[in-house]
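A.B. asks: show me the folded form of this:
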Amino acid sequence: MTILKNIASLAVMESALLKSKFRGCLLGSVIGDCTGAPYEGDTITSGDKIVIQRYFDKLEDAEFKAPYKQYTDDTAMTKSIVKFLTDKPEPDYKFLARLFVNEYVKEPKRGYGAAIGEVFKKLKATRFEDVFKPATEQFHGKGSYGNGGAMRVAPIALYFHDNYDAMLEVATKATKLTHTNTFAIHGALLQCIAVQQALLADPKKKLDPEEFVALLHEKMKKIENANIDREMDISPEDRAYQDKLKIVEDFIGKNYEDLDEEVIFQLGNGISAYESVPTAIHCFLRAQNDIARIETDNQFRRTIQYAISLGGDTDTIASMAGAICGAYLGEEGINPELLRHCEFTKEMSEMADNLLSARGEFSK
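C.D. replies: Below you'll find the predicted structure:
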């Protein structure tokens, strides 16, 4: 399998482009979170899709004034991941656990799930003695299979984009602080790889969706097959994400109007990583071309608007899709008017710059 033809080499990628892509990724994440939050848990009808179209039209209108769209736990935990990477020379997971807990204690009403709240309370009660233990005790020892790990890994993909093994190791451990189920961990790794590959892709060249999915499939095959290599019994999760990516591949190029229902049925729109990470990737790839009933020429808006139009866990799916698309297009691909209406975008731009500075100048 050859690498994507449109991937830009780190050696030749201009520092300005890399800065734009770092910003685009983190801004894409927070915009997807903020704009998707009002629709979280909804089942979206045809009428609702018209409302969402008007919603985005208003947000992109320079004359439109409205209160900030607030971010949720997705962005709160992404912020902590950035600080974890920029404030310590080596990965310190006790430090990251403290960042998570401090953010939660400061603003507990950001939409955190009850299970995550229990993990944070146990971490605080035990004074972070064993930061990985509370998560292992969730759901009778099976661990959470939610998308809470996947929703926050984008900064790890940026920071370690030129060190694949380190990226997977750090993403795995950062996820295990709250989610220890295989579905959750592998979902976080898939999202991490998708962001990394989007970052390395040249935004001036048209992306090949089939090649993008094929590369993700190849990498997830190695990750999922590692369970079999350890002589474990074969279980459904051993190739779960490979199967989902095959469905994503099958959807490429299909534009019939009933596709949304098929996407929800086959890929999902729920809170589990298994039912949301592949969906976010599909949203990014589908938005490479026009989508029926979504009237915009802007690929980034098309990505998050489509993600929201699927309903369900709209803030997280739109946040993950936005991170992938932003990493691909860069900051220039995002309408500044969307930034104006979303909370924390100025600060997130600064955090993206800090993250890039912590990695040094790749153009040298």
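A.B. asks: how many neighbouring residues does the nearest residue to residue 156 once chain neighbours are set aside have?
C.D. replies: The shortest distance from residue 156 to any residue other than its chain neighbours is 4.9 Å, reached at residue 171 (CB to CB, 6 or more residues apart in numbering). Just so you know, the C-beta spots here come from the backbone N, C-alpha and C atoms, and that holds for glycine as well. Residue 171 has 26 neighbours, counted by other CB atoms under 10 Å.
A.B. asks: what's the distance between the nearest residue to residue 239 once chain neighbours are set aside and residue 185?
C.D. replies: Excluding the flanking residues, the one nearest residue 239 by CB to CB, 6+ apart is residue 224, at 5.4 Å. To residue 185, residue 224 is 11 Å away according to CB to CB, to the nearest Å.
A.B. asks: more crowded one of the two?
C.D. replies: Shown here are residue 224 and residue 185; by other CB under 10 Å, residue 185 has more neighbours (24 against 20).
A.B. asks: how many neighbours does the closest residue to the more buried one other than its chain neighbours have?
C.D. replies: Leaving out its chain neighbours, the residue that sits closest to residue 185 by CB to CB, 6+ apart is residue 175, at 5.3 Å. Number of residues near residue 175 (other CB under 10 Å) recorded here: 28.
A.B. asks: same check, this time on residue 321
C.D. replies: Residue 321 has 34 neighbouring residues, counting by other CB under 10 Å.
A.B. asks: packing partners of whatever helix or strand it lives in?
C.D. replies: Assigned by DSSP states H and E, residue 321 belongs to helix 314-329. Packed against helix 314-329 by the contact rule (3 or more CB pairs under 8 Å, 6 or more residues apart in numbering; DSSP states H and E) you find helix 15-36, helix 73-86, helix 154-159, helix 182-200, helix 277-286, helix 299-309.
A.B. asks: show me what the following helix or strand past the second one is packed up against.
C.D. replies: Spelled out, that is helix 73-86. Heading C-terminal from helix 73-86, the first helix or strand you meet, by DSSP H and E, is helix 93-106. Contacts defined by 3+ CB pairs under 8 Å, 6+ apart place helix 93-106 against helix 73-86, helix 114-125, helix 164-176.
A.B. asks: got the contact list for helix 93-106?
C.D. replies: 76-77, 79-81, 83-84, 87-88, 110, 112, 116-117, 120, 123-124, 128, 131-132, 173-174, 177-178 (CB atoms under 8 Å, 6 or more residues apart in numbering).
A.B. asks: out of those residues, which end up buried?
C.D. replies: 76-77, 79-81, 83-84, 110, 112, 116, 120, 123-124, 128, 131, 173-174, 177-178 (16 or more other CB atoms under 10 Å).
A.B. asks: any idea of the pLDDT on the closest residue to residue 267 other than its chain neighbours?
C.D. replies: Among residues not flanking residue 267 along the chain, residue 279 sits closest, at 4.4 Å (CB to CB, 6+ apart). Looking at residue 279, its pLDDT is 98.
A.B. asks: quick one: residue 279 and residue 317 touch, right?
C.D. replies: Yes: Residue 279 is within contact range of residue 317, at 5.6 Å (criterion: CB atoms under 8 Å).
A.B. asks: who's more crowded, these two?
C.D. replies: Set residue 279 next to residue 317 and count neighbours by other CB under 10 Å: residue 317 wins out with 33 against 29.
A.B. asks: dump the C-alpha coordinates for the helix or strand containing residue 260 into PDB.
C.D. replies: Counting by DSSP H and E, the element that carries residue 260 is helix 259-266. C-alpha atoms of helix 259-266 as PDB (Å, rounded to 0.1, in the frame of the first residue of the first chain):
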ATOM      1  CA  LEU A 259     -28.300   8.100   2.200                       C
ATOM      2  CA  ASP A 260     -28.600   9.900   5.600                       C
ATOM      3  CA  GLU A 261     -30.900   7.200   7.000                       C
ATOM      4  CA  GLU A 262     -28.500   4.500   5.800                       C
ATOM      5  CA  VAL A 263     -25.500   6.300   7.400                       C
ATOM      6  CA  ILE A 264     -27.300   6.400  10.700                       C
ATOM      7  CA  PHE A 265     -28.300   2.800  10.500                       C
ATOM      8  CA  GLN A 266     -25.000   1.400   9.300                       C
END
